[in-house]
Every structure is written in C-alpha cells, then in structure tokens.
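K.L.:
Quick one: sequence plus predicted model below, questions after.
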Amino acid sequence: MLTLDNLTYLYQHLPMRFSLSATRGERIAILGPSGAGKSTLLSLIAGFLPVKQGTLIIDGQAHTHSVPARRPVSMLFQENNLFPHLSVQQNMALGLHPGLKLSAKQRQQLMVLAEQVGLGDLLTRLPGELSGGQRQRVALARCLLRDRPVLLLDEPFSALDPALRGEMLQLVRSVCEARSITLLMVSHSLEDAQQIAPRSVVIVDGRVYWDGETRQLLSGDTREAEVLGIPRR
C-alpha cells in the first residue's frame, strides 16, 4: 500500500531520509523527540515538501513527484481549517466537491458519515457554534469523505481533553478498520499510540530510528525506547 525507499528531503542542506512500508489497513504511530522529522515525514507523503531523491509508492502507483491533489492521501492537522462562513454540512461537502455540487449519492454518503461521527444533528451549524471536539469531527469527516486509502494525522487531537481525545481516537480506529484505511499518526503521547496503533515508528534526526510493535516501546523491552523517556526494563 505505502512504500518509502530512501525518500529524502533537504532541510537547510541537511538530508532527512526515510525508508518504511505499510500494508493496507495498517495503523502506525509516528513517535520521536520534537524536531526529529515526524511532521516532515507526513508532509513528504502528502506532497507538501519537495523530494530530493528516493521513491514513494502509494497504492501501487509512483507518487514521488506527483502534486498533492493527485495523491490518494488525506491529511488532518491540529488546526482544523474549517471555513467559518460555511455550515457543518458545507464544510464536509468540500471533501467531495470544491464547488459543493453533490450528486444524490454523494449527499447520502455525507448524511451516513455525519451520523457515524456524531454530527447528524449539527449539520446546519457554523464552526463558531461548535466545541473544539465537534470541529475536529467535521474536519475528520471531510477527510473521510474523500475516500482515500491513506490517512495522515498530524496531532489533530492533541489540544482536546483526555476523555474527548480518547473518543476521537476510537472513532478513527473503528473507521480505519471498517474501511481498511492505512493510518500514519504523529503523536507525542505513548498512550494515544497504544490506543490506536499496534505498530510504532520512532523518528530521530530525520531517520527511522526504530520500527516495531508499540507494546515493546511501552514495556521498555527495547533500548530504543529510552529516546522517548521510557527506561529499559
């Protein structure tokens, strides 16, 4: 589904190089110290940063240098980027058509997903009338309506309180499982990683420092966990 082979980005003339692969439906947490290159990794996959060398394959197609709009990827940031003058329904509809001109089938898709993410009764409201968690649900729903096989999350729920964050993570997990979506989620929270991702990748100095089961990191069974502040058992 997703393969990065020596995918390289030059940051102030210093190379960041990433090699990893993910299967369809796999959920991976991207962990590491601040400034290590976690968000850079997602931005390279999404096409927001130029690739110096290496290759990127998504869903069997080469996308090393393709523009973001042509990549089978959706990305959700901490800032939800909703349009304040558009209703919940209109903001969601942007995931299907930039001109908000939906077919009957697309309108039905939107309504079904709105119910799934708990927005069925809020479709006519403006973003300013929503809570932070509700706004993130709208942004997530907009991503999911695009129906891309890869979903990239760059700490979109970090500003939410723990209970609400856990609720959003469970929602993402259930949707990814139901649709076999490949998920890469940047996080600074090991608890969040444990909740949603069986596999974790640790990024240090623009490289994949460790790649394995999330439970190994949390248990301290590997020395590489020390970079995350977890003492080795």
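P.N.:
Everything's here; your move.

K.L.:
biggest helix in this structure by residues?
P.N.:
In the chain, assigned by DSSP state H, the helix with the most residues is helix 162-179.

K.L.:
Quick check: can you name the pairing partners of the next helix or strand after that one and their directions?
P.N.:
Later in the chain than helix 162-179, the nearest helix or strand by DSSP states H and E is strand 182-186. Strand 182-186 sits in its sheet next to strand 27-31 (parallel), strand 150-154 (parallel), going by DSSP bridges.

K.L.:
coming back round to it: which helices and strands does the longest helix of the chain pack with?
P.N.:
helix 132-145, strand 150-154, strand 182-186, helix 190-196 (3 or more C-beta pairs under 8 Å, 6 or more residues apart in numbering; DSSP states H and E). (Glycine included, C-beta is placed from N, CA and C.)

K.L.:
closest one to residue 227 among these?
P.N.:
Residue 227 sits nearest to helix 190-196 of all those, at 12.0 Å, using C-beta to C-beta.

K.L.:
right, and the helix or strand after that closest one?
P.N.:
Immediately after helix 190-196, counting by DSSP H and E, sits strand 199-204.

K.L.:
Okay, angle between that following strand and strand 27-31 too, please.
P.N.:
Comparing the axes of strand 199-204 and strand 27-31 via axes from the mean of the first three to the mean of the last three C-alpha atoms, to 10 degrees yields an angle of 20 degrees.

K.L.:
Make residue 1 into 8 and carry on from there
P.N.:
OK, 8 is where the count begins now, so the last one is strand 206-211.

K.L.:
Report the contact partners of residue 103.
P.N.:
Residues near residue 103 by C-beta atoms under 8 Å, 6 or more residues apart in numbering: 109, 113, 116, 117, 152, 153.

K.L.:
Not counting its neighbours along the chain, what's nearest the third one?
P.N.:
The shortest distance from residue 116 to any non-neighbouring residue, by C-beta to C-beta, 6 or more residues apart in numbering, is to residue 152 (6.6 Å).

K.L.:
Report the contact partners of the one you found.
P.N.:
Contact analysis of residue 152 by C-beta under 8 Å, 6+ apart lists 99, 100, 102, 103, 116, 117, 120.

K.L.:
Include pLDDT when you put the residues you listed into CSV, please.
P.N.:
As requested, these are exported to CSV (pLDDT from 0 to 100):
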residue, pLDDT
99, 92
100, 91
102, 83
103, 82
116, 89
117, 91
120, 88
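
K.L.:
Just say helix, strand or coil for residue 26.
P.N.:
Secondary structure, DSSP: H, G, I helix; E, B strand; the rest coil: residue 26 is strand.
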